[in-house]
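K.L.:
Whatever this is, show me its structure:
(4 chains)
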Number of protein chains: 2
Amino acid sequence: MGLRERKKQRTRDALIDAALDLFLSRGYEATTIDQIAAEVEVSPRTFFRYFASKEDVVLSLTAGEQEILLAELAARPETEPPFTALCQAVRSFLGILREADDAAARRYLRCRKVVHSTPALLGGTMRLVKENERKLVAEVARRLGADPGEPLPRFIVSVFLGVVLACFGEHTLDLAALARRLEDLLTLAERSLRPGWDLPVRPGAAQPAPATS
Amino acid sequence: MGLRERKKQRTRDALIDAALDLFLSRGYEATTIDQIAAEVEVSPRTFFRYFASKEDVVLSLTAGEQEILLAELAARPETEPPFTALCQAVRSFLGILREADDAAARRYLRCRKVVHSTPALLGGTMRLVKENERKLVAEVARRLGADPGEPLPRFIVSVFLGVVLACFGEHTLDLAALARRLEDLLTLAERSLRPGWDLPVRPGAAQPAPATS
DNA sequence: TGTCATCTGTCATGGGCTGACATAAATTGC
DNA sequence: GCAATTTATGTCAGCCCATGACAGATGACA
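P.N.:
Residues are numbered from 1 along each chain as shown, chains lettered A, B, ... in the order given. So this is what the prediction gives:
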């Protein structure tokens, strides 16, 4: 990797860290782009060459998170029931976070703290989640051999996201507490739902033919 | 009601209708406050005396919607299981919409169309829903005689909101199609969940003592 | 080293949003 | 009715976010 690439990455990380610092100390709205740029000693214009908007500094992390979840779901075996696969995918995500670089994990938690304490950012996060939801529904539908417009795939993803957001929407200080709360709610979900609820009603269609597209 | 009040209400409605017109024809981002204000023949400054922000024109309707849902839930009998009460509350909401003034119903549907086609507004809407979610959880917890922090009330509301958003997040042209889709998903939910899943695990605590506070 | 691509800073602009102040209108009390 | 008070509106000025255009600086590569 060339010098240019490394410099860019350093500037980007510096902007994120400076922004998170300011957001946490003065608040999101009270922080201006000029202040963030001054902290990193770049021009305000440069800020917008790294991030599309002020909220994008924080949301870019969430977007990456959503991509990982989708990738982990795609990596689950085809034979796994959809809801189980979703649960395993989010567990994998937490595992990745646990094994990640300390600075990255710290950034993630601080980012979540800012999001949680700023209504505007919460809205932006939900927008990203909603966009990813469509992809999750599509993947679940594919696994079920169903159409993405049908109620079942949508319902499965709804229940899953409901549980996940119920955890991630909390003030969470550390990953361990987050994981514990997640397991609590997933256990509750499994206790509450009938066995086989996330499989097609017809047992004959339980072996979905992989789409050739 | 005095003349002043009536004039205010007329200006407010005119601003909403003009904004929706422009948002639907030119798009949300492409529409400026100046254009909306010019359409109603008021100064741009006056716009902000009626609405806190550009998105607030649309979101104020959603906020009212959330309040109605909460009120309808509070009006359900205490003996009803929580999830049933939530389902009945959203059915009541649709009923209110059906019986409402034509202009109001038209505004609601056009508003939803704009929200659905504008990511930024979708985020704002989700923010409002999230804020209302806390109140719903609190009410469900009260009915269960549980603490709002416990997993069960949260899970119940999650499943409910998941279903509702799965419906309201669709392109819906008319109220009938919306109601049909809602019933589809609620039926699916009831088929998927174990009987009594939304009641406390201890049968002895099934008769929650109404909080005296 | 010299050329090229890319990054960065400066400047200018538009649009969202807010505060301050003056004007016009409606409401209230006489 | 008429004055006094309250409230809505318009005008002006300004901050901040965001974007386009252009020029200068810096790393990449032959």
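K.L.:
any idea how far the residue in chain A that DNA strand D sits nearest to lies from residue A:10?
P.N.:
Among all residues of chain A, residue A:2 sits closest to DNA strand D, at 2.7 Å; criterion: CB to the nearest atom of the strand. C-beta: built from backbone N, CA, C; applies to glycine. Per CB to CB, to the nearest Å, residue A:2 is found 13 Å from residue A:10.
K.L.:
how many neighbours does the residue lying closest to residue A:68 once chain neighbours are set aside have?
P.N.:
For residue A:68, ignoring the flanking residues on the chain, the nearest one in space by CB to CB, 6 or more residues apart in numbering or on different chains is residue A:93 at 5.5 Å. For residue A:93, the neighbour count with other CB atoms under 10 Å in any protein chain shown is 19.
K.L.:
Quick check: residue A:93 touching residue A:69?
P.N.:
Yes - applying CB atoms under 8 Å, one finds residue A:93 in contact with residue A:69, separated by 5.4 Å.
K.L.:
wait, residue A:161 sits on residue B:161?
P.N.:
No - in this structure, residue A:161 is not within contact of residue B:161 by CB under 8 Å, at 9.8 Å.
K.L.:
For residue A:156, report the pLDDT, please.
P.N.:
For residue A:156, the pLDDT comes out at 97.
K.L.:
how about it, what does it touch?
P.N.:
A:82, A:83, A:86, A:140, A:198 (CB atoms under 8 Å, 6 or more residues apart in numbering or on different chains).
K.L.:
7 Å instead, please
P.N.:
A:82, A:83, A:140, A:198 (CB atoms under 7 Å, 6 or more residues apart in numbering or on different chains).
K.L.:
so how far is the lowest-mean-pLDDT helix or strand in chain A from its chain's centroid?
P.N.:
Least confident helix or strand of chain A, by mean pLDDT, DSSP states H and E, is helix A:102-116 with a mean of 91. Centroid separation between helix A:102-116 and its chain, computed with CA atoms, centre = their mean, to the nearest Å, is 12 Å.
K.L.:
What is that helix packed up against?
P.N.:
Secondary-structure packing of helix A:102-116 (3 or more CB pairs under 7 Å, 6 or more residues apart in numbering or on different chains; DSSP states H and E): helix A:3-26, helix A:56-75, helix A:119-144.
K.L.:
Out of those, flag the one nearest DNA strand C.
P.N.:
Closest approach to DNA strand C among the helices and strands packed on helix A:102-116 (CB to the nearest atom of the strand): helix A:3-26, 4.8 Å.
K.L.:
How many residues are close by residue A:17?
P.N.:
Neighbour tally, residue A:17, other CB under 10 Å: 18.
K.L.:
My error: substitute residue A:197 in the last question.
P.N.:
Other residues close to residue A:197 by other CB under 10 Å number 21.
K.L.:
Check the one 3 residues further on too.
P.N.:
Using other CB under 10 Å, the number of residues around residue A:200 comes to 17.
K.L.:
Assign it to helix, strand or coil.
P.N.:
coil (DSSP: H, G, I helix; E, B strand; the rest coil).
K.L.:
okay, the helices and strands packed on helix A:102-116, which one's buried deepest?
P.N.:
Mean neighbours per residue, mean count of other CB atoms under 10 Å in any protein chain shown, is largest over these for helix A:119-144, with a mean of 20.
K.L.:
does any bit of it sit next to chain B?
P.N.:
Yes - judged by CB under 7 Å from any CB of the partner chain, helix A:119-144 comes into contact with chain B at A:119, A:122, A:123, A:124, A:126, A:127, A:130.
K.L.:
do the same with stretch A:82-90
P.N.:
No - counting by CB under 7 Å from any CB, chain B has no neighbours in stretch A:82-90; the shortest distance is 10.0 Å.
K.L.:
likewise stretch A:162-180?
P.N.:
Yes - contact check for stretch A:162-180 against chain B, using CB under 7 Å from any CB: residues in range are A:162, A:163, A:166.
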